[in-house]
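>>> After the sequence you'll find the predicted model.
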Amino acid sequence: MSGADDTTRLEELKKSLYSRNTPDVRTRRSLRYSEDENSVKTSWGDAPPDFIDPVLTTDYEDHSMSFFSKLLIGSGIFCLIAVALGAYTLLGGANLISADNIDITVSGPVSIPGGAPVSFDIQVSNKNNVSLELADLSVEFPAGAVEALDTTRELKTYRELIGDIPAGGSATKTVKAVMFGEENVQKQILVTVTYKIKGSTSLFSKKKSYDVLISSSPLSMTVSAFKEITSGQEIDITVKIESHSGEILKNVLLKVSYPFGFTFISSNPKPFKSNDTWKIGDIPAGASRTITIHGKIAGEDGDIRVFRLTTGAQSPRDPAIIATEYMSVQQDITIQKPFISLGVGIDNDTSVGDFIGRFNQSSRVEISWFNNIPTAVSHGEIVVRLSGTAYDKASVRPDRGIFRSATNEIVWNQQTNPELASMGAGESGRVSFSLIPRDTGTASRPIVDPVVTIEASVSGSRTQESSVPETLASAVSRIIKVSSNVALTGRMVRSIGPFANTGPIPPRAEQPTTYTVIWTVDNTSSSVANAKVAATLAPGVKWLGASPTEEKVTFEANTGTVTWDIGSVNTYTFNSSRRREAFFQISVMPSVSDVGQPLTLVNQAILTATDTFTGEGLQSIQEYLTTRFGTDPIYKNGDEIVGR
């Protein structure tokens, strides 16, 4: 019976396998579970050690990977491998378009003498498996490069079309140039190859740099100047340019870039343009040229002023521009507080501005010094140099110093002043002298804008300090500007002048007599402006009018004031046609109480003006004018006394 049952079960199983309506085993199996068995457990609970969940076992067996899943996974893996192979092929595996497969080789010297022709062989190799189309070579040279065939033309960029370079091929170009620069300075040349790929409109490039050392310079530039100066001190900067080339260096220029605070004063030779450019011209082999620049630097203590000096070949298009730079030098100058402060006092005026002096009037000058550094300065020497158009060496009187008239110097040292042997830290002192500004001009060489220049300097040693110059120097200067001598003179006349005078001479009581007044203004060394003369008429004197000239003479009846508005007066007008004169006529009727004495006709006249050179206000006074007309040719003694 058992055998028949087994046969029946096998038949049923066989039918179910080939039947389309056979329900899923997992569904049938799940229907056999009770509600409790099919619910979700809230905890793992306890299970026997040998318990095996039939559901889990069945799911693992029934969910084995299908054929379609395996096919899908296999396709994904194949795609990844294909992409990787393609990327490798494009980026270098098959040498298609990679810039890494383009080699630029520069063959040339790594050390070159400045100013000598040099050539570079540039080879471009294409290791890609496609051609490079329209390859273009560009070589960028550093500053100081010129064309080998024409050294007057600057060479910034050299370009040449290479053309197509086939796959695996190469092309070579030779580039020639002349390079200038400072000795032992490294320069860089940049080579760029630009190309296209067939079927693409984009441009690609490959770059390569090449360094060369300038082993020697065709010229040297040496700059000599103080490393430390004081603010306001004048300084000389000496530039020596020397040729080391075997050929003539043509059309050489020197340009100087000045720092803030520098004031150009002069140079030798004179600049070519704008006080910062010098035309050196041609320098033969082994020859040299020297330029000295004189100026003044202002600034605060500790400031560093930087001068940049550049020399090179003149541009053919603009003669004031350097087309090819040969070399450049930097000169640093530090502004320091003076180690010894100097001051120049004139007639107790200790300011730093110009002093206004007068001709033939003595001025006392004091040079004060103060040691600013924390150590003593030994072997001190103070030197004053005198110059100027109003300087008269015969008027100089030094106190204890030595006056060297041949060099116009006054010297004080430890022989004349023992305190200068050692000027201790914080110590001070002074030396002095006197002088008289004088008009030393002549008729053929008159003095215009007269000055006396005082330049004081002090020098000494501070051997106690290290890393500083042993000899120190400090300087200060001051100018005495001398005002012009402008003078007013006045006189009475009768028989000369523009007016016909009437009345008795000598004058008589109760009878009118007329006179002509002449005012004259002369000037000497500087022109004056805003000149004016004013005076009042004495009581009882009448104004009759002024001469019809270009001079502006007016009368104010209420105050009895005569005013002459002169304006400007030229220099050196004395006894010349440029002197200024004004004429006016007056009348007087003496009283019987005036008999036996001269009469005052015009009160004190005052000339005021401004010196255009010194800016100083000027004044000249003409005393009272009376009935005495002594400058008239018909005058005789007694003609001024009033009679009956």
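Looks like it came in fine.
>>> What segments of the chain are helices?
Assignment of helices within the chain using DSSP state H yields the ranges 2-18, 25-31, 35-38, 54-62, 67-88.
>>> I'd like the average pLDDT over the shortest one.
Across helix 35-38, the average pLDDT comes to 46.
>>> Also the fourth one?
In this model, helix 54-62 has a mean pLDDT of 45.
>>> mind giving me the domain ranges of this structure?
What the record gives for the chain is the domain set 68-97, 99-216, 219-335, 340-482, 487-626, from automatic domain parsing.
>>> Next, format those domains as TSV and append mean pLDDT, mean neighbour count and distance to Asn637.
All C-beta atoms are positioned from the backbone trio N, CA, C, and that covers glycine. TSV is the format used below for those (pLDDT from 0 to 100; neighbours: other CB atoms under 10 Å; distance: least, CB to CB, whole Å):
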stretch	mean pLDDT	mean neighbour count	distance to Asn637
domain 68-97	60	11	125
domain 99-216	86	16	89
domain 219-335	87	17	62
domain 340-482	88	17	34
domain 487-626	94	17	10
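>>> Make JSON lines out of the ones you listed and add distance to Gly638.
JSON lines is the format used below for the domains of the chain (distance: least, CB to CB, whole Å):
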{"stretch": "domain 68-97", "distance to Gly638": "128"}
{"stretch": "domain 99-216", "distance to Gly638": "92"}
{"stretch": "domain 219-335", "distance to Gly638": "65"}
{"stretch": "domain 340-482", "distance to Gly638": "37"}
{"stretch": "domain 487-626", "distance to Gly638": "6"}
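>>> Ile634 is nearest to which of these?
For Ile634, the closest of those is domain 487-626, at 4.7 Å, according to CB to CB.
>>> The nearest residue to Ile641 once chain neighbours are set aside and Val642: what is the separation?
Taking CB to CB, 6 or more residues apart in numbering as the measure, Ile641 lies nearest to Pro506, with 5.4 Å between them; neighbours along the chain are not counted. Taking CB to CB, to the nearest Å as the criterion, Pro506 is separated from Val642 by 7 Å.
>>> And for Phe307?
If you go by CB to CB, the gap between Phe307 and Val642 works out to 80 Å.
>>> Spatially nearest residue to Phe264, not counting backbone neighbours?
Of all residues not flanking Phe264 in the chain, Asn275 sits nearest, at 4.4 Å (CB to CB, 6+ apart).
>>> who touches both of Pro506 and Val642?
Residues touching both Pro506 and Val642 by CB atoms under 8 Å, 6 or more residues apart in numbering: Thr627.
>>> how far does stretch 244-255 sit from the chain's center?
Mean C-alpha position of stretch 244-255 versus that of the full chain (CA atoms, centre = their mean, to the nearest Å) differs by 27 Å.
>>> who's in contact with that stretch?
When contacts are taken as CB under 8 Å, 6+ apart, the neighbours of stretch 244-255 outside the stretch itself are 115, 151-152, 216-220, 239, 241, 243, 272, 276-286, 289, 291, 309-314, 320-322, 326.
>>> From those, which land in strands?
Secondary structure assignment (DSSP state E) places 216, 219-220, 239, 241, 243, 277-283, 289, 291, 309-314, 322, 326 from the contacts of stretch 244-255 within strands.
>>> Could I get the contacting residues of the residue nearest to Glu581 when sequence neighbours are not counted?
Closest residue to Glu581 apart from its sequence neighbours, by CB to CB, 6+ apart: Thr520 at 5.0 Å. Contact criterion CB under 8 Å, 6+ apart gives 488-490, 579-581 as the residues in contact with Thr520.
>>> Which two among those are spaced furthest apart?
Pairwise over the contacts of Thr520, using CB to CB, the maximum falls at Gly490 and Arg579, 13.6 Å.
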